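In: Model the following, please.
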Amino acid sequence: MQSDSLVIIPTYNEAENIRMILDSIFGLDYAFHVLIVDDNSPDGTAQMVKECQSEYQERLHLLSRKEKMGLGTAYIAGFKWALARDYAYIFEMDADFSHNPEDLPRLLSACKNDGADMSIGSRYVTGVNVVNWPMTRVMLSWIASKYVRLITRMKIHDTTAGFVCYKRKVLETINLDKVQFVGYAFQIEMKFKAYEKGFKIIEVPVIFTDRTRGESKMSQKIISEAIFGVIKLKFKSLFSK
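Out: From the prediction side, this is the model:
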């Protein structure tokens, strides 16, 4: 079955979630394809994907990597895989249901029908739409997005969001080999590069629900990379002009 849309999902130890998230995506009315980029998960995530491939055949793809190399490099590998094929719309999405598969058609519509080059599933464009996070983490995330907006001057409310749809031309225009960051700063960097190149970015309000199965990959190193990476991005941008 042909599709113009590919959903890229990086995985590391997501055996508890992977079958359910795939069933949810493939149960949608729109014929999305999915690429799982697995970093050699010890819990057998990749094997579960292979088992699902017999059911979903041409719609489900697997890119297996030898070791855990970071979120950003997983997405870059996925982007390059997508660009080597004919997909017009390429998505980023988590495996843990923090991003609701039912919002995928809304992100697609923003790019397909509303003129966006990049659409973002935004937690903060209409207030704070986060479920199951402790208040301290909500505040940290919200302040981080405000901080990034202040430094970069991007007119985006949820600058660290990881639920995104790109038109193909955005990923073709950005030099993927020069993307620097591998953690959550990767999300900021991709938005900043798209913003700098003048692409139209639309935020689509979504409700973000924290994972209920599996373990979060958030760490202090990832947070530090995001905080200091933003300043680095902005300075590099200023001196390259």
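
In: what pLDDT, on average, does the host helix or strand of residue 236 get?
Out: Take DSSP states H and E as the rule and residue 236 turns out to sit in helix 220-239. Mean pLDDT, computed over helix 220-239, is 65.

In: Show the contacting residues for residue 209.
Out: Neighbouring residues of residue 209 by C-beta atoms under 8 Å, 6 or more residues apart in numbering: 97, 98, 100, 130, 131, 132. Every residue, glycine included, has its C-beta placed from N, CA and C.

In: Now the residue most central in space within the chain: closest residue in space, sequence neighbours ignored.
Out: Using C-alpha atoms, centre = their mean, the residue of the chain that lies closest to the mean C-alpha position is residue 92, 3.0 Å off. Spatial nearest neighbour of residue 92, excluding adjacent residues (C-beta to C-beta, 6 or more residues apart in numbering): residue 164 at 4.5 Å.

In: again with residue 141
Out: Setting aside the residues directly before and after it, residue 141 is nearest to residue 160 in space (C-beta to C-beta, 6+ apart), at 6.7 Å.

In: Could you tell me how many residues sit around the one you found?
Out: 21 (other C-beta atoms under 10 Å).

In: how about it, what does it touch?
Out: Residues near residue 160 by C-beta under 8 Å, 6+ apart: 141, 144, 145, 148, 184, 187, 188, 226.

In: Please tell me I have it right and residue 115 contacts residue 167.
Out: No: counting by C-beta atoms under 8 Å, residue 167 is not a contact partner of residue 115; they are 10.1 Å apart.

In: Give me the more crowded residue out of these two.
Out: More neighbours surround residue 167 than the other of residue 115 and residue 167, with 20 against 9 (other C-beta under 10 Å).

In: now the helices: where do they sit in the chain?
Out: According to DSSP state H, the chain carries its helices in the segments 18-26, 45-56, 71-83, 104-112, 135-152, 168-173, 185-196, 220-239.

In: Which positions within the second one qualify as buried?
Out: In other words, helix 45-56. Of the residues in helix 45-56, 45, 46, 48, 49, 52, 53, 56 count as buried by neighbour count, 16 or more other C-beta atoms under 10 Å.

In: got JSON lines for the contacts of residue 160, with neighbour count and distance to residue 29 too?
Out: Formatted as JSON lines, these follow (neighbours: other C-beta atoms under 10 Å; distance: C-beta to C-beta, whole Å):
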{"residue": "141", "neighbour count": "20", "distance to residue 29": "31"}
{"residue": "144", "neighbour count": "19", "distance to residue 29": "35"}
{"residue": "145", "neighbour count": "21", "distance to residue 29": "32"}
{"residue": "148", "neighbour count": "26", "distance to residue 29": "35"}
{"residue": "184", "neighbour count": "23", "distance to residue 29": "32"}
{"residue": "187", "neighbour count": "24", "distance to residue 29": "28"}
{"residue": "188", "neighbour count": "26", "distance to residue 29": "33"}
{"residue": "226", "neighbour count": "22", "distance to residue 29": "36"}
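
In: For stretch 33-42, give me every contacting residue.
Out: Contacts to stretch 33-42, defined as C-beta under 8 Å, 6+ apart, come from residues 3, 5-15, 18, 22, 25-26, 45-46, 49, 56, 58-69, 74-75, 77-78, 81-82, 87.

In: Need the distance between the two termini of it.
Out: Its start and end residues considered, stretch 33-42 measures 25 Å (C-alpha to C-alpha, to the nearest Å).
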